[in-house]
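Novice: Quick one: sequence plus predicted model below, questions after.
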Amino acid sequence: MEARYPVLRLRSGREYTAVMGHPWLFSGAFADLPQDLPAGSIADVVSNRGDWIARGYVNPKNSLAFRVATLDANEDLDAAFYLRRIERAQRLRALLPATVNAYRLVNAEADFLPGLIADRFDRWLVAQFHTAGVERHREHIIEALRQVPGIEGILTRDDLRVREREGLNVGGPSVAFGSVPERIEIQEYGVRFLVDPWGGQKTGFFLDQRDKRAVIGEVARGARTLLNCYSYSGGFSLAALARNPDLHTVNVDSSEPALELARANYVLNGHDPDAHVFHTGDVSRYLPAVGDSDTRYDVVVVDPPAFAKNLKMKERAMRGYESLNIHAARAVSPGGLLLTCSCSGAVTLEEFEGVVRQALQRTRRVAQVIANFGPSLDHPTLPDFPEDRYLKALLLRLL
């Protein structure tokens, strides 16, 4: 029978990772990788002996040359494929409570749509096409996303530098369906937030921290003060204030527009922003100044941007995490709580725990680990895909 897609043969023994469930194959795994295949083409991968392994997207110009879309030889990557995948992703998110109306609908490889991110904010979707494979099938994907119940508009965000590695253009946001407002109000366990889908970080909101925000809300019930570093639009502070309206919060971020959005979120939830602090500045300067002062906080949250986006930046990132956690630990009152996070995919959970431990030793703070966080329900990962577990968080009690 004639092959429906180009067939790529692997070197001997290189099929193991794909068979075990890893969704990536690098260029060195292939016996031959035709350079004339257009980026994003659908192809089949076979073992060196000719056994069928997987079907997915190939990009011969990228060292990450192949992304698995299906392990079913009878499954075509057509319009119906994308509809099935998105419907399956919806069924998982249906497990979220009714008090949550914002979540990640499609999480790329973990939802077997490699390179596609789609976040839902109430009645609107914000989609990102990271790779040539999904870009090549954008029309099918948008049509499938339009079938999601209750959707009134879809915004695509192509302002991603990662697209350059795939040979794709980097551009601005654009409406792919319906209309999308400049601000969207969402709800999360009774807390209301305004989201900026057009210009906000990521797709407009850090949905992956929902479960951590909920925990901070619970543990801050008896606290008097909370320091929220890299606060963005005030998520952790507002989750805590929902359970403890008398809490005094300090929000620190380098972005003035983010803090303006945070102030608007305070008003939206019935809190007087003038009773709290919104400091525009560099956390790496603000935290040391706190440590050198007599001020201490009952709860400190540090949720920085990725320090290491690739392995080349890892060593510097490790030093950065140690320094950050040294200063964060110094800012915590005796018996207080520290939530420290890393979203660097190049840093493993064990490495992050190790660097936090070194910071505690340097500051001579004795700690108890209260909780250890990984992926949330709407940010699933695959069992054999540790590279996807970028987010780590530790909740510590410092004695």
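Specialist: Looks like it came in fine. Numbering: from 1, shown residues only.
Novice: where along the stretch 251-399 of the chain do the strands fall?
Specialist: Under the criterion DSSP state E, counting those that start in this stretch, strands of the stretch 251-399 of the chain are mapped to 277-280, 297-302, 332-342, 367-373, 392-398.
Novice: what does the stretch 101-250 of the chain give?
Specialist: According to DSSP E, counting those that start in this stretch, the stretch 101-250 of the chain carries its strands in the segments 102-107, 116-121, 124-129, 153-157, 173-178, 184-188, 191-195, 225-229, 248-253.
Novice: TSV for the strands of the stretch 251-399 of the chain, including mean neighbour count, distance to A79 and mean pLDDT?
Specialist: From N, CA and C alone the C-beta is placed, and that goes for glycine too. Formatted as TSV, the strands of the stretch 251-399 of the chain follow (neighbours: other Cβ atoms under 10 Å; distance: least, Cβ to Cβ, whole Å; pLDDT from 0 to 100):
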stretch	mean neighbour count	distance to A79	mean pLDDT
strand 277-280	16	47	98
strand 297-302	25	44	98
strand 332-342	22	39	97
strand 367-373	14	37	95
strand 392-398	21	37	97
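Novice: could I get those strands as JSON lines with distance to R11?
Specialist: Output for those, formatted as JSON lines (distance: least, Cβ to Cβ, whole Å):
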{"stretch": "strand 277-280", "distance to R11": "53"}
{"stretch": "strand 297-302", "distance to R11": "44"}
{"stretch": "strand 332-342", "distance to R11": "35"}
{"stretch": "strand 367-373", "distance to R11": "38"}
{"stretch": "strand 392-398", "distance to R11": "34"}
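Novice: Once you drop chain neighbours, what's closest to the residue nearest to the spatial centre of the chain?
Specialist: The chain has D208 as the residue nearest its centroid, 5.5 Å off, counting by Cα atoms, centre = their mean. If you skip the residues right next to it in sequence, D208 has H379 as its closest partner in space, 5.0 Å away by Cβ to Cβ, 6 or more residues apart in numbering.
Novice: what about the strands of the stretch 251-399 of the chain, which gets the closest to P97?
Specialist: strand 367-373 (18.2 Å; Cβ to Cβ).
Novice: Which strands and helices lie in contact with that closest one?
Specialist: Contacts defined by 3 or more Cβ pairs under 8 Å, 6 or more residues apart in numbering; DSSP states H and E place strand 367-373 against helix 210-219, strand 392-398.
Novice: let's see it at 6 Å
Specialist: Applying 3 or more Cβ pairs under 6 Å, 6 or more residues apart in numbering; DSSP states H and E, one finds that strand 367-373 makes contact with strand 392-398.
Novice: circling back to that earlier point, I figured the residue nearest to D208 was touching E109, is that so?
Specialist: No: using Cβ atoms under 6 Å, H379 makes no contact with E109, being 11.7 Å away.
Novice: Give me the neighbour count for the residue nearest to R88 when sequence neighbours are not counted.
Specialist: Spatially, and ignoring its direct neighbours in sequence, R88 is nearest to D111 (7.4 Å; Cβ to Cβ, 6+ apart). Neighbour count of D111, defined by other Cβ atoms under 10 Å: 23.
Novice: which one is Y82 nearest to, not counting chain neighbours?
Specialist: Once flanking residues are discounted, Y82 sits nearest to A144: 4.1 Å by Cβ to Cβ, 6+ apart.
Novice: Give me the contacts around stretch 269-284.
Specialist: Contacting residues not belonging to stretch 269-284 are listed as 192, 229-230, 238, 241, 249-252, 254, 256, 259, 263, 266 [Cβ atoms under 6 Å, 6 or more residues apart in numbering].
Novice: Of those residues, just say which sits nearest to R357.
Specialist: Nearest to R357 among the contacts of stretch 269-284 is C229, at 19.8 Å by Cβ to Cβ.
Novice: Columns distance to Q368 on top of the strands of the stretch 101-250 of the chain, output as TSV?
Specialist: Below are the strands of the stretch 101-250 of the chain laid out as TSV (distance: least, Cβ to Cβ, whole Å):
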stretch	distance to Q368
strand 102-107	31
strand 116-121	34
strand 124-129	38
strand 153-157	40
strand 173-178	44
strand 184-188	28
strand 191-195	27
strand 225-229	19
strand 248-253	24
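Novice: Which one of the ones you listed lies nearest to R49?
Specialist: Per Cβ to Cβ, nearest to R49 of these: strand 116-121, 32.2 Å.
Novice: Pull up the pairing partners for the closest one, direction included.
Specialist: The strands beside strand 116-121 in its sheet (DSSP bridges) come out as strand 102-107 (antiparallel), strand 124-129 (antiparallel).
Novice: could you give the angle of it to strand 191-195?
Specialist: For strand 116-121 against strand 191-195, the angle by axes from the mean of the first three to the mean of the last three Cα atoms, to 10 degrees is 130 degrees.
Novice: Can you point out the buried residues in strand 116-121?
Specialist: Residues of strand 116-121 classed as buried: 116-121 (neighbour count, 16 or more other Cβ atoms under 10 Å).
Novice: Then stretch 190-204?
Specialist: Judged by neighbour count (16+ other Cβ under 10 Å), stretch 190-204 contains these buried residues: 191, 193-198, 200, 202-204.
Novice: What lies in contact with that stretch?
Specialist: So stretch 190-204 is contacted by 119, 121, 126, 155, 173, 182-186, 205, 238-239, 242, 264-265, 268-269 (Cβ under 6 Å, 6+ apart).
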